[in-house]
Every structure is written in C-alpha cells, then in structure tokens.
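1. Fold the following.
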Amino acid sequence: MFPSVAGTRPRACEASASERRKWVEVFKACDEDNKGHLSREDFKVAIVMLFGYKPSKIEADSVMSSVNPNSSGISLEGFLDVVKRKKDAQLYRNEIRHLFTAFDVHYRGFLTLEDFKRAFSRVAPKLPERTVLEVFSKKRQKYK
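-> Below is the predicted model of the structure:
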C-alpha cells in the first residue's frame, strides 16, 4: 500500500473482460466507416466517451505520433494499449488521493509534520521518528 507514497508505481492491473469489451465497443462506435483505425478526431471522441474529458492537443499529438507512420490512425490494439495505460494512471492517482486523504485528517489540503507522525505511528509503529522526519523533510524540499 505505501510503496506508491514513496514514488513507485503499483503494478498495472489487468483489464476485466467486460472493460475490454466496452473499450472495443467504443472503438467500433468511433470508427464509423469501419476503417480499422481511429483518426485524431475519432480518438478524441473515444476518450470523451470513456473518461469524460476531451484530450488536449498535446495528449492527442503524443498518441498520434506513436502510431505507425504508414497508417492513418490508431489501430484497435494501439487504442486498447493507450486506454489501459490511461486507466492504470487513473487508478494510481486515485490511490494517491485516497492515501493523502487518510493522512490529511483535518481536511486542510496539505500535510503537517504532526499528520505524518500520527499516520506512521499507526501503520509503522516501530519506524524510528528520525526516519519519519527525514521522509517529511525530503518531501517538503521536493515541492518547494
């Protein structure tokens, strides 16, 4: 649970069969002419359908630049890979948000040293206070 707090990403979860079916259905719905690939605009519509937001120009450029230059869009397999990575990133952000909320017991939107000490005393009571202080001060330096 706490490795992600230390900056490492959790292992990616496998998509369920129903999730994968949904992604394929969205791909097919956005591939109106049955071309076998999604154009830049098709891709944007698919992301809106799955994630509820329109991808930025930078995000769309990034995805489309990773596509095989001999094709005129993103294939189903490429699309499924992108969606899976986005889903994993979303789960990771949600986990971080959940952990932060567990530490931020006063709902201030930031963590104090006391919040840190209290949290670690509960989850790792034998952890030396010096280690907690070092972690807290390193995190503060990172965000200054």
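
2. quick one: contacts of the lowest-mean-pLDDT helix or strand in the chain?
-> The helix or strand of the chain with the poorest confidence is helix 129-142; it has a mean of 77 (mean pLDDT, DSSP states H and E). Residues outside helix 129-142 that contact it (Cβ atoms under 8 Å, 6 or more residues apart in numbering) are 111, 113, 116-117, 120. Yep, even glycine has a C-beta here, placed from its N, CA and C like the rest.

3. Whichever of those residues end up buried, select them in PyMOL.
-> Entered in PyMOL, the line below selects the buried ones among the contacts of helix 129-142, by 16 or more other Cβ atoms under 10 Å:
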select buried, resi 111+116+120
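
4. Nearest to residue 54 among the contacts of helix 129-142?
-> Distance to residue 54 across the contacts of helix 129-142 (Cβ to Cβ) is lowest for residue 111, with 32.7 Å.

5. Residue 101 is in contact with that closest one, correct?
-> No - taking contacts as Cβ atoms under 8 Å, residue 111 lies outside contact range of residue 101: 10.6 Å.
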